[in-house]
Every structure is written in C-alpha cells, then in structure tokens.
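K.L.:
Got a sequence here, can you model it:
(5 chains, ligands or ions: 5)
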Amino acid sequence: MPDRIPSAARSGPDPAVILRAENVARRFGGFTAVDVDHLAVRRGEITALIGPNGAGKSTLFNLLTGFDRPDAGRWAFDGHPLAGVPAHKVARMGMVRTFQLTRVLARLTVLENMRIAAPGQLGERLWAAPFSLAWRRGERDNTARARALLSRFLLDGKRDEPAGALSGGQRKLLEMARALMAEPRMVMLDEPMAGVNPALKQSLLGHIVSLRDDGVSVLFVEHDMDMVHEISDHVVVMAQGRVIAEGTAREVTQDERVVSAYLGERFGDDLVETGPTPGGGSGGR
Amino acid sequence: MRLRPALCLVLLVVALFGAGSTAVAAASTVGTAALTARGDDPETVKVTGKLVNRDDTGSTPVGGGKVTVTGASGAEYSATSRPDGGFSVEVPFEVGPLSIELDERSLPDGVTLREGGRNPITRTVSGTLPLTVTFVLGKGDRQTMSWADQIPQSLFNGLYFGLIISLGALGLSLIFATTRLTNFAHGEMVTFGALVTYALNVTGIDIWLAGLLAAGLAGVFGFAQDRFFWRPIRRRGTGVLAMMIISIGVQFILRNVYQFFTGGRTETYRQYTTPEGHRLGPITYSVRDVVCVAIALVLVVGVTIALRRTRLGRATRAVADNAALAATTGINVNRVITTVWSVGALLAATCGLLLGFSQAVKFDLGALQLLVMFAAITVGGLGSVWGAVLGSLLVGTLIEMSTLVIPSELKMAAALFLLIGVLLVRPQGLLGRAQRIG
Amino acid sequence: SDGSDQQRAAEPAKKTQIYLVDGNTTQYGDEFTAGTFDGVKGVIPGGRSTDEFRERLLAADPRLKDFAYAVESYDSVIVTALAAEAAESDGAKAVAARMRDVSNAPGEKCTTFAACSKLLKDGAEIDYDGLSGPIDLNRTGSPSAASVGVFQYGKDNTYQAVGYETGKASADPDPLPAQGISGAGTPGDGRLVLGSLLPQTGDLSYLGPPMSAGVKVAVAELNDHGGVLGEDVKLVAGDSGDGTPNIAPQETDKLLDQDVDVIVGTASSSVSLSVLDKIVNAGVLNISPSVTSPEFDTFPDKGLFFRLMQSDALQGGVLANTMSNDGYTDIAILVRQDAWGQGLAAGIKASFEESGGNVVATRFYAPDSGGFTAEVNAVKAADPDAIALVGFDETKKIVPELIKAGLWMGR
Amino acid sequence: MDILTSALRAGFSVDAAYFCLAAIGLNVQFGYAGLINFGQAGFLAVGAYGFAVGSVALGLPFFAAIGLGLLCSIALGLLLGLPTLRLRADYLAIATIAAAEVLRLFFGAAFQDVFHGRDGISGFSAGFQAANPFDQPFLGYRPADLWVMTVGWGLVVIASVVVWSIMRGPWGRVLMAIREDEEAVRSLGKNVYAFKMQALAIGGLIGALGGFVVALGQNSVQPDNFSFDLTFIVCTMLVLGGAARIMGPVVGAVVFWAFLSLVSGILGALTAGQDPVVPAWLMTGDQIGTVRFVLVGVALVLLMIYRPQGIFGDRKEMALHA
Amino acid sequence: MSTTHGLLVAEDLVAGYLPGVDILKKAGLRCDEGEVVGIIGPNGAGKSTLLKALFGLVPIRSGAVRLRGADITGERADSLVARGVGFVPQTGNVFTGLTVEENLQMGCYQAPATFAERLDVVGDLFPSLLDRRHRPAGSLSGGERQMVAMGRALMMNPSVLLLDEPSAGLSPHMQDEVFVQTRSVNRAGVSVVIVEQNARRCLEICDRGYVLDQGANAMTATGRELMHDPKVVELYLGTLGRDT
Ligand SMILES: Nc1ncnc2c1ncn2[C@@H]1O[C@H](COP(=O)(O)OP(=O)(O)OP(=O)(O)O)[C@@H](O)[C@H]1O
Ligand SMILES: Nc1ncnc2c1ncn2[C@@H]1O[C@H](COP(=O)(O)OP(=O)(O)OP(=O)(O)O)[C@@H](O)[C@H]1O
Ligand SMILES: CC(C)C[C@H](N)C(=O)O
Ligand SMILES: [Mg+2]
Ligand SMILES: [Mg+2]
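P.N.:
Residues are numbered from 1 along each chain as shown, chains lettered A, B, ... in the order given. Ligands and ions are numbered 1, 2, ... in the order given. Modelled structure (predicted):
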C-alpha cells in the first residue's frame, strides 16, 4: 500500500526521494489513462514500473517529463515543482528519459548522436556558434566522454556510422548511452529491453546496475519479470491508471491483484504441459 | 586562411553600401492632367445630357424639359429636351464656369428632381470635350441591399463554390491519404477537365456530352499517370519529399503545355455561359447552378458512401490507413492507388469543368484554386475524406462572405487566415486525428 | 437554342447598361451566345485604322481579329525612326531629344516615313502626323491631343464605332526636374535596334497580335525605304506578359542585353511601371502605344519615356460623358485593381460626379482571384443603372456573373 | 557558342544571385533544420517591401531602409514561427504557403497609398545606382547590373560563410538533430522551439537579403514577384544543388539559371529566322517562354527520379531518411 | 532434415531493402503441414526480413520460395493471401482508423462471403474482440491490438500463418495468452511460422526452431533441443531467470 505523506511536494525536499508525484491525472476524452494518487522514487535506487498494457505507464512518463500535460496534479523533481515546466527544462534539471520506440537521429553519426546530448554547450548559443574558439575545448571534452560511454556500450566501433544504420538492439543501446551523456541525476527508461535479444538484454543489466552505483536514480518500465527480479530495488505496479501495489519484486509478484491483472495464472508454468506432438499436428480437422 | 577572401569581400560590400547610403529616393506624386483650354480654341462648346425619370414604374425619357446654360459673363442659352430626353445646348466658347440649370416647372406632372440632386450644375469648360450634365429625376427605382440582405446570397455562393471545390479537394485528399503525396499538380487536373470540355465543345459537341467525355478522359489520364509514371517512381523507393518536388515538376510541365496550346487566353464554353438568373427568396440562382450542384452532390456523396460501403472503398481506406499492412491482407495496393488516381483525376476534372462555367476556361484555372483546395483539406484534417468536404464548404463560404467585411481583393487571405487560425487551435485540422508522442 | 439560357427570370429584368473600356472592348464574336453583348458600349482611345492599313496588317498577320492599338504601335516606330534620322544618331538620349521636334509644329507636315525622312535629309523641320492622329508630343512625352472612339456591340458580339471624341490636353505641362534628359548618353553604333515588349501572354494577350503587326509593318516600311541612318532597323521581340507583372522585368533584361536603343511597349500601365525605371536607368528610350495611366505624366523618366495615348483623364471623361448622355444617373464602377484601373476609375468617377451624377459603388477586384461572384454581388447590392466594367481579359469571367445576378442589359 | 556564353552569363546574373540568397535561407530552414518552409517568398517580399517602403514612402536613407527590411523579416519570422512551429511537417508546409500568400495579397491590396497595389513600388534605386563604380559594360553585363551583381554575389558569399560557420559547430548539430527527430532532441534538454525559431529567422533574414537584391535589380517590387512560383523555384534550386550542403544552393541557383537560359537560347535559335528549324506551326518564337518551363519541369522530374539527392547530396543519406 | 516437399519451403534466399545491401545471405526455412516453426536470433539478424521476403514484401535477389511445391518466389502479397498464406507484421499491424470489425473484415477481403462464418471462429478464440467491434482499433491497448492483428490473419482461414513477434511489448499475462492461442490455432490445422524474442516461451510451443544470425541460418533443431543447447543459451537465450 502506498504510504501517504500529504503535501510532501510542498514541505521541502526529502533527501531520500528524488521524484514525487501527487494526484496526477490525465484523461483522454472520457477515458482516464492516469490517475496516480501518490508516487515516490527513491534516490540512488532502481525502481521498476510494471503493469498491464494500457495501464498508463508511458502516459505517466510523458506527464512527468513534460511531454504531455496532466489535467490535475503536482509533481516535483528533487524538490522543484515541475507542473508546467517544458520537456527540455525537465531534462536540463537532470531528469532524462528514453522512448519506448527508439528515436535515434538517423542521419547523424553515432558519435554526433552522443555529443549532442552533452549539457550546457556554449556552441549551442547562436551568438557563439560562428566562433569555434569559444566552443572547441568543450567539444573536445565532450567527445572524450562520449567515446568512453560508447565503449562501455560496445558501440565505439560504430561511432562514425550514421545512427540510422544500427540494428534494433544497437539503437536501444545508443538511446540509453545518449541519455547518460546528458549527465542525468535520474534516468527514466521506457521498456529499454523490449524486443531486445535475451542474451544482449542480460549484458545490458550490468550497465543499469553500474549506473545506480554511480549515483544515478533509475525508473524503468518493463514487462520482463526476470529482469525486474534481477535488478530492481523497488517495484511499483500500475493498472488502469492507478498504482495498485508497491514493494520488492518478490512482494509484488505474490500480490493477488498483480497476478490477476498482470502476470496471469500461467505465469512461470510451462505452456505446453504435454510437450509438442511429435511429427507435427496431423490432427487437423 | 580560407576566410581571408571572405573578409575582403565583407569589407568591400560594407564600403559599397556606405557609398550607396547617400541615396535619396525621389517620391513620386501622382497628378491628373487637367484638360483646359489652349490657344487654338474652338468657337463653341456643347453642353449635352439626357433627362430620364426613374421611379417605380421604371425609367421614362422626359421630353420638353428646359435647360438653361449661364456663362461666366452672364449670357444665357437654353434648349428643350427632345422626346427621347436628350438635349444639347451650344454656347460660344468662353473660359470660366458655366452654370446649367433645369427648369423644374417645365417638367411633366409627377416628375421632379430627386432629393439631393444637383440643380443648377456648375461645370468648367475644359478643352474640346463636350460638357455633359446629369440631372437626377424621379424617386429612383434602385433596390439597394443592406449588408444583412447580402448574407443569404453570399452564403449560397460560398456553399456553391465550396461544393464545386470539394470535388477537387476530395481527389487531392484521397491521393494524399493513399500515397502520402502532396500533389502540387492537382490543380492541373482541374484545368484538364475544363480545357478538354472546352476543346470538345467548340467543335460542336454538346457541352454535357463534352463534359462527360472530358471526365472520362481525365480518368484515363489519371490512370495512365499513376500506372506509367507514379507507380514506377514509388517502386524506386523515392521518398515523399522527392515525390512532392516531382509533382511540382509535373505542375510546371502541364501548366505550360496548357498555356502553349491556349496562348494564355481566357475562353468560354459555347453553351450555358450566360444563364439567366432566377430568384428564390433572397437568392438568385440559375438552372445551370442547380445542375452543377446536383452533379457535384451526387459525386461527393457517391464517393464518400462508396468509401464506406463498398469493398474497394474499404480497401482504399485500409491503404490510406496503412499501405504496408493493407498489402498483407490481400489487397492489391497498387491497383487501389491507381483506382484512386483515376477517381481523383475524374473528380478534379469534373470540378474543373463545372468551374469553367462560372470562371471561364484558362490555363491557370486550376492552379488558382490549388491553394483553396490545400486550405480546405488542411482545415478539414489531412487525409480525412469528410474533412476535405467540410473544409471546402467552410473555406468557400468564408471566401465569399468575407467580402462583406473586407475588400474583395483580400478574400483569399480570409480563407488562409482561417487555415492558420484552425491550425492554432487544432494542429491536426478539424476532423484530423492527433498523433501520440512517446 | 441553349436550354436554360432561354428561360426568363421571374421578375421583369431591369436594364442595366454595361460600358466597357480600352482593356476589354474587343471582338467577342462567338465566345458568347449571340446577342449577349447586344447594345453594350465601349470606349477605346486612339485612332481608327484605315482600310488600307488593315490590309497591310492582315498581310503581316492573316489571323488578326482585332486591330486595336495597331496604328499607335505603327506610329511609335515611325516617330522614333524619324527622331533618330533627325538626330543623326541611334543613341537613345539623342533620339529622345528630337522626339518633340519631329512630331510637333513648327515644321512641314508629312504623313509617311518616306516623305518625312526626305524632308529631314533636305534639312527641313517636320511635323509628322501619323495614322493615329497629329501626335504632337508634349513636354512630358504624351500627345497633346488624342481621340477616343465610342463603340457599340451588335447581336454578333462585335463592335462598331458610333463616334469619336477628340480631347486636347492642357497647356503643355511643365516637366519635373527628373523628367529632363541628363547627360549625353551613349553615342550609338549607327544601327537602330528596336525592342518590342508586347503582350504575347497574359491578360492582354489578345492585343499582342495587332500591336506586333503594327510594329512589324512599320519596320518593314522603314527597311523598304532604306532603313534608318542608312542601316536596316533590327527588331527584337519580347513578351510583356501584361497582367502578370513578373514576366516583363526579365524580358526587359533580355532586350537590354541585346543592346536595344528603343523599346516599344508595354501595353498596360501597370506592367510598364514595373519596368520603366529599369529601362530609363539603362539609358534606353521607351515609347508605349497604349498606356494611359495618369502616373506617366509625372514619372521621373529622365526624359526617355513617350506614349501615344493620353492620360485616362480623357478616356474617363469620354466614358462619363457617354453614360450621362445615355441618361444614366446612378452608376457603379467595377475595376481591376492596378495602376490603369485605378487611374481610369478615378477619371470616370471624377467626370461623372462633376456632371451631377452619382457613383453608387466602386468595387476593386484582384484579377487573379478566380471567381468574381462576391464582387458582382457587392455591385448588385448598390443596384446601379449602369456599370462601367474596367478590366482586361478577366471580363469574360465577370460577364456571366453579371448576367446571372441580373445586372446585365436584357438580351 | 553564343548560346553557351549567354547561358553562363545568366548563371551569374542578378536573378541568379537573389534566387541564390533565397535558397541559402531555405537551406538553413529546410536543409538543416528540416522545416518545410514554403513561405520563403514571403520573406523576400517583406525584405523587398520593407526596403522599398522605407526609401519611397518614408524617405529613409539607404541603410536605414535596408535595416527596416531586415527588421521586418525578423518580425515575420517570429510572427510566422510562433503559431506554426508546433505543427507537423505537412501542416507546416501548407501553413507557410498560406502565410506567404496572405502577405502577397496584403501587399497587393492593402494600404494602397503605401504599397501601390498590384503594381508595386518603383523608383527607389537612383541613389544606389548613383554610387555605381562601374561605368563600362563588362563581360556583356550592363554597368547597372554589374553593380547589383557585385552586391548580390557579395551577399551570397557572406551568407554562405556565415551559414558554414554556424553549421559546423554544436548549434548546427542541434538543428540537424531536430530535422531527424525533434522529440528526441527535446528529451535531451534542448529548447527545440527556440532553435527552430532561430533557424526560421536566420533563413528568413537571408531570404530578405535576396529581397533587397530583387528590388535593386529590378528597380521595382510588385507583389506578384513573390508568388508561390518563386518558392517552388527556390526549392528546386536547393534540391538541385543538394540540401544541407553549403554549396548546394549556390550551385543549384547558378546551374538552374544557366540551364534556363541555355534552353531558351537553343529554342530561340531553333525558331529564329525566315525558315526556322522548328516549323512555325509547331512552335513560334513567342512560345519559347512556355516551352522552356515545360523543359524545366521535365528536367526537374528526371533529376528527382534519378538523382534525388541533388548535385552534392549523398544517396545513402536519402535512403536512411526514407 | 529431409527436403521432400514441405508446405512452405525457402531455399538460399538473398534479399535486402537497398540496392547493394543484402540483409539475407542465403537464409532458408521449411515448414511442414501442421507444424509450428520458431525463428529466433539477435536483433538485426534478418528475422523480420525473412518473413517479409517469404510474403513478397522484400525484393528477393536469388533463391526460391515454394508453397506446396509451387514456386511463389517474389509473388505479390495479395496473390499469396489468395493461396492461403497469412501474415501478422511486427509493427503497425492494425488499421488504427478502422473499427475492430472493419479490421476483421479486411481479413476476408478476398472472400467477403465467408465473413459471418469466420467471425464465429475468431470470436470463439478472442471473445473480448466482439465486445469492442465498433471501436476504432487505434483506441485499443497493445495486447488487444495484437489480438486484432492475429484475428484478422485468421479471418482469411490461412493454411500457413506467419507471425512476427506477436508477444512484443505485451504484459506477461498477455504474452502467455498469445502463445497459448498460437498453439490452439495450430491445433485447428494451421501451420505457423513464428519469430520471437521471447525465445524460451517460443521454443516451448515450437515443433522445430531455427536460429538466424547475420542473415543466415545458424542452427536448426526441435524447440526443446534448442532450448537446452548450451551454445544457443549462451549466445541467444541468456541465463536470466534460469539457474541452469
Ligand atoms: N494520445 C492519446 N489519445 C487517446 N488515448 C490515449 C493516448 N495516449 C494514451 N492513450 C490511452 O491511455 C492508456 C494508457 O496508455 P499507455 O501507453 O500509457 O499504456 P502503457 O501502460 O504504457 O502500456 P504498454 O505497456 O502497452 O506500453 C491506453 O489505453 C491508451 O489507449
Ligand atoms: N525498411 C528497411 N530499410 C532498410 N534497411 C532495413 C529496413 N528494415 C530493416 N532493415 C535492416 O535490415 C536488417 C535486418 O532487419 P530485421 O528487421 O529483419 O531484423 P530482425 O531480425 O527482425 O531484428 P529484431 O529482432 O530487432 O526485429 C537490420 O540491419 C536493419 O537495419
Ligand atoms: C492596352 C490597354 C488596355 C492598356 C491600358 N490603357 C493601360 O494603360 O493599362
Ligand atoms: Mg508504454
Ligand atoms: Mg524483427
């Protein structure tokens, strides 16, 4: 059960909580997609957000990061209220997100994709842009940092190729690396592993864990319960726009409501109890 | 190193501008050359006019009216109007104002000077042009309309225009929906209908048959255009932007070919170009308008219903929704697109041949309407069929009605403002669907 | 013959007389149902061409239907050629300086190039009187006297003259300083090169053939008589695209690039205004057979611009006179919005109101706006007795709307 | 031979220069930032009219009038950008066309004592020409044109250098990223709206410079100069040269004009004389104007089919985008 | 494996999207009557491309595809549908602007008369679709969309069904549902080729599995065998959640 700390967003920053949302609601026509009474993401932890399809997870991400506007509610990042703050300012404050469907900058090289994410670049000011002296140094530093990150994500070999030439999994990797390049204090990953090959997925988990170890808070959406079990410190379960359960991965997977709404009765069982019929289904009609 | 020549050029241009800034632009004033007397003046000046009485019974020439001209020197000359109302007084030439007076007592019973009508009228002798005077007689028979009186007629004209345009907009919208092509050459399909109809009509073929043939030919043209031009281009994997620019090229080609053959003249059909107006309450219409509306309505309603009800219509909507997926459900996407092109061209040509009645036939007939059609489908929501129709009616009405408020030269601007206004409030157009981010 | 055309309006049609002007008085022939234009009147400034001259025009271009402005085009060429002979140079400024001398008294009157150039060679002063009239250019480069023809259409939609009015301009107006010839100008290469800038396309394209024919006939005549300055005159053709002012500037460049000394054209005032500055800045003489806007009387043309038409104060006056002599008291003016339309509308309005009549509506339209229902309805709301339709080719689009709105004279 | 040299001369004419500036501006907006601005004609119009009204109606000195034109174009950028930059690409295209047309109609019909209606303003370049250092024709160009060309091509060079210098750095990178995917860029903390606005304004400003060159070159401005067709042709030039390449618009404009002149030169030669190569019933000299645009259309279509990336573009990049 | 005529056989396919870039480099596949065949492999291996090539949506440069022995290489999608091949693409697999019912109608586009009859069959499989038949498919949740997509493919009563990642992005419950449904469709006599990243679940229901890597076949065996092959586990399946 979510613990109720009324008006926490107003009563000053709670050092343990990096992101706090209260009564955030979003309706599309008559349909309520998100109606979250209370949500708190703890600093320096990996929090998983799970829930059935259409539960409102992505919509909540959009709301929290300023890509969509809620009909009601308050939410604060690191003590700063975020209502009405546009998406790019949210990102600049240190809360950086990725998208469920990757959004790489196809005709820019992988390295450019990384460099663009660096915060506070002087050369992005129009008046400074023509004078390379003003930004050349910062550019050099950013390139070094980008290459370090790329090698961590096994992409350094691809750095001069256009990002549009990457395969699906590599795009997922680039999307994550780019988010880190923005020096976030909190990353929000929307199904970073959906459609990623299981073996690759496993190797990516290490990166997420090491992020946390670097002091970055992580909130991620995922349908792969193995992964949730493996790396999450805390799990929030949403259904029909509301938070229905919270706790550790083990706790929530035992919650009845979570099982019926999300995991299903067959969860963990072998699907084909009898095994495949040898020689194929000669038993047509 | 590479910058140095550039720097020199900057300095050069700055220096040159400096020199240029000493410029003083001369303001031109517009004056009217007055026609006044010159040395070789003629002997006499004629003062002429015609007396006509206007009241509820119509206009009747007034004979027997006495007109007196008084010169600057005080000399008087007079004449009486003939039975046809005309009068003419010849006075010796003298520089200075002439005062011309109508003797109201000489007018027949019931004929009076209209309130506010000038009498006497003063005119200055100018050159050798005869002087005329206009005496305004009778109560008048003008039936002026107030601003509000004009609304029904404007509304009618706007809806009429919008309906005709919707034929073109529908084709444009269908082609956009199924191929994502913003077809800048669509206006030329509109012109095609009018031109072919005209060409057949002048050879003596009855206009309706000519129109039918033109629409049919346009259908064939649309079919051929897609089958032998656009389809191979699509097969090459050409992007939508490149296709859009290709359509601009096609527009150039067609428009100039039309101009080549018509020489840029405005032409009129040989039949039904000048129909008589009929009145229905506050609205004037002609039988031809009714026929045009009927044709347009049948086509618009027919096409929209066909899109809903028929198998091909459903296929079209499916291709418009997601062409790649449509192929996997067993739809022959290319055939659907070719059909859409044929139907779109046919609709456009019909739009053109109907427009040809009211706007005459010229090589840029359709090109002038392209922006109207774009505004219509954008206001309605790109890709939405009903949106195209609704948008056309709205834009057409606005173009006509706006002239009640703003100068008519700016009537197109009104429609375009509507477009920008709608997009401000609904970026996806009135009937368009919003896209979801993230 | 045509179904709905024959049906009568429910109420008796009120006769609204239509008047056309120089931009749209043309032979409509079978472009409209027979009888449509029956009784419509129109005015065109300029002289009438003799039958003999028409033959020559037809020999040059057998397809001619219309002969408007052919004589002025012809005279434009002849008078410049004579000025060049008189100046003994083809340099534009030298020619411009002699334009008045060869067209005005004093001097021996002559009416053909052959006769005039012979007189010049004999050292005499001449006063060329052309086919279009006495010409007599004043100090701002317009003719001092000009005539305006009044025409009426018959059942076959073609017009016949019903009379000519001749108006004389005021005492020679003083030119502005910017209208004087300055500097010596280029000496010239001894060969007179003429550029024609006439409407091959656009809203006046129906005038292109007669005007070009006039120029061609004139050039042929010059060259038949030994050319100018002993050299054959060269003619370069350009399109003025009248009605769409963005064609002419480039065509003008084309002519200027071919080192023309004189440009004959353009047909319409608005297009002429868009290129005149460029032409006179290039030091080239410009003579227009047909522009009538009052703006040219004061245009800072460096003394290089001439025309064979008087300002529309005259045409407007004649039209207003015609309307008032026909007994109309409450008229409307439907005007193409450009320099010519505005000038002419102002002329009509001023004259008609001065005579005591009322102008109940003046409605401007943009010629490229497709349909004209709104404009026609605005005029209809004022219910005038007569309408002056000041337009070019788009008239063909307006006429049907007027008929439908019941504003056309009963047929 | 004559035809070739005159084609070459046309390639560097005043017209080529102003189209070139318009294309450079469009390159910033469309080539780099991906904004389909079909209203570039509007920026030229505002620049030209600002300058013309400044000199004629307000009697401002040359530089002040230029400044007025530039200010107006920036104002247009802001005014146009505020409502439209949030729109999807295809809607933006139509909205910008609409805005440019509204401007053209406005200049053609409103405040006629200032804008002089459809006939436009003329007679403001005497002072500029008075400062003309050229007094002899050179390479067949007239002195007046030489002067405008010097200024025009000078501006082209300056604009190209400026565009090059701002595009090679982080600012240009953000612009190109926006072209690819603006949501992604927003998620990385960039104010996409501000960048788009800057691109629109800079592109418009360069377009306005083109407007000055038109005004000076033609000694007049008319609303119809700034019709939809202008934007079309500018677009064509950009695509012809290659979008998002510094030299793309420059080469595109030069080649386009040279081609146009070459075509009319050849057609002229074919139809000239008493016994022309092309019989008169097929085509007369009067029809060169239309025929050459037919050929331009054909060339444009063929180019886009067989080399959609233009002269300088990269085919692979086009494929990635599609 | 024997190469006697299978139901759907692809041999040595070379195919790609752009000229000069081959995505499939001699990949092959075989599906016998009544089989469920799974394809797994890393991202970008060309799995979707293989399905699309079978279905005539990607130009084939060399190699052959045969259906019941007849050559169908490069045949257009619509005529394959007429031959009884159904395909559910990986992405964009519903007509968002059309209602659920219209989506299903599109399934029997080529044989509209069978609509009522087939709707009963599909309605039995996915009862929740019938409740939503008049809603636009764009308003459905991800899982329901997958059901619509599969339902539409079944409407045409295919003999072979090609499924591209039918479970991607679905909740665990829905994922299980998809696999169970696939199996029951198969029991009803439809042969299935299924591409999956949820490889374990996929292999659980497969008769045979293929591993595709870099556009070529890396391995073929029964589903169970692949699932327990240590090399497959290491390279493609990972050990997450399984302490083998
Ligand atoms: N722009 C929109 N318009 C209408 N409905 C929307 C919109 N965006 C989201 N929805 C609806 O809101 C609900 C929540 O969607 P959301 O994408 O947040 O779900 P989710 O939890 O992320 O699901 P998944 O696990 O499938 O990604 C869905 O029913 C969806 O249809
Ligand atoms: N439309 C396309 N145009 C060009 N290249 C493409 C296209 N679609 C896919 N590719 C490329 O083809 C390769 C194989 O793609 P494919 O979609 O077949 O992979 P996959 O095995 O299905 O991967 P995933 O598991 O991520 O879906 C990838 O390198 C991809 O970049
Ligand atoms: C040829 C004429 C219709 C031109 C008109 N007189 C004008 O000055 O514009
Ligand atoms: Mg989601
Ligand atoms: Mg795939």
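K.L.:
Number of residues surrounding the residue of chain A found nearest ligand 4?
P.N.:
Going by C-beta to the ion, ligand 4 is nearest to residue A:58 of chain A, at 3.0 Å. For every residue, glycine as well, the C-beta is placed using N, CA and C. Residue crowding around residue A:58 was assessed by other C-beta atoms under 10 Å in any protein chain shown; the count is 24.
K.L.:
Next: residue A:267.
P.N.:
Neighbours of residue A:267 using other C-beta under 10 Å come to 15.
K.L.:
How confident was the prediction at residue 162?
P.N.:
Looking at chain A here, since you left the chain open. If you check residue A:162, the pLDDT there is 87.
K.L.:
other chain: chain E
P.N.:
Looking at residue E:162, its pLDDT is 92.
K.L.:
would you list every one of the helices in chain E?
P.N.:
E:47-54, E:77-82, E:100-107, E:115-125, E:127-131, E:142-155, E:172-187, E:199-205, E:223-228, E:230-232 (DSSP state H).
K.L.:
ok, residues contacting the last one?
P.N.:
What it means is helix E:230-232. Helix E:230-232 has contacts (C-beta atoms under 8 Å, 6 or more residues apart in numbering or on different chains) with E:211, E:219, E:226.
K.L.:
what's the pLDDT at residue 278?
P.N.:
Went with chain A since none was named. The model reports residue A:278 with a pLDDT of 39.
K.L.:
sorry, should have said chain B
P.N.:
Here, the pLDDT recorded for residue B:278 equals 83.
K.L.:
quick revisit: am I right that the residue of chain A closest to ligand 4 is in a helix?
P.N.:
Yes - assessed by DSSP: H, G, I helix; E, B strand; the rest coil, residue A:58 belongs to a helix.
K.L.:
Hmm, it is touching residue A:100, no?
P.N.:
Yes - under the criterion of C-beta atoms under 8 Å, residue A:58 makes contact with residue A:100 at 5.7 Å.
K.L.:
for the helix or strand residue C:115 falls within, the distance to its chain's centre please.
P.N.:
Per DSSP states H and E: residue C:115 is located in helix C:113-121. Helix C:113-121 sits 27 Å away from the centroid of its parent chain (C-alpha atoms, centre = their mean, to the nearest Å).
K.L.:
Now that helix: buried residues?
P.N.:
C:113, C:116, C:117, C:119, C:120 (16 or more other C-beta atoms under 10 Å in any protein chain shown).
K.L.:
just checking, the third one touches residue C:79?
P.N.:
No - contact status for residue C:117 versus residue C:79: not in contact, 11.8 Å apart, counting by C-beta under 8 Å.
K.L.:
got the contact list for the residue of chain A found nearest ligand 2?
P.N.:
Nearest residue of chain A to ligand 2 (C-beta to the nearest ligand atom) works out as residue A:168 at 3.0 Å. Counting by C-beta under 8 Å, 6+ apart, residue A:168 makes contact with A:102, A:195, A:196, E:43, E:44.
K.L.:
shaky segments in chain E?
P.N.:
Within chain E, the ranges that satisfy pLDDT under 70 run E:1-5, E:141-143, E:240-244.
K.L.:
Residues of it that sit close to ligand 5?
P.N.:
Within reach of ligand 5 by C-beta under 5 Å from the ion, chain E has these residues: E:48, E:90.
K.L.:
Go again with 8 Å.
P.N.:
Counting by C-beta under 8 Å from the ion, the positions of chain E adjacent to ligand 5 are E:43, E:47, E:48, E:49, E:90, E:164, E:165, E:195.
K.L.:
Now tabulate these in CSV and tack on neighbour count and distance to ligand 4.
P.N.:
Listed next are the residues of chain E next to ligand 5 as CSV, based on neighbours: other C-beta atoms under 10 Å in any protein chain shown; distance: C-beta to the ion, whole Å:
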residue, neighbour count, distance to ligand 4
E:43, 18, 19
E:47, 26, 23
E:48, 20, 21
E:49, 22, 26
E:90, 19, 16
E:164, 23, 19
E:165, 25, 16
E:195, 24, 22
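K.L.:
Residue A:34 sits in which helix or strand?
P.N.:
strand A:31-42.
K.L.:
Mind listing what's buried along stretch D:267-278?
P.N.:
Buried residues in stretch D:267-278 (16+ other C-beta under 10 Å): D:267, D:268, D:270, D:271, D:276, D:278.
K.L.:
Those residues in helices, which ones?
P.N.:
Using DSSP H, the buried residues of stretch D:267-278 in helices are D:267, D:268, D:270, D:271.
K.L.:
just those residues now: which is nearest ligand 4?
P.N.:
The closest of those, once distances to ligand 4 are taken by C-beta to the ion, is residue D:267, at 61.0 Å.
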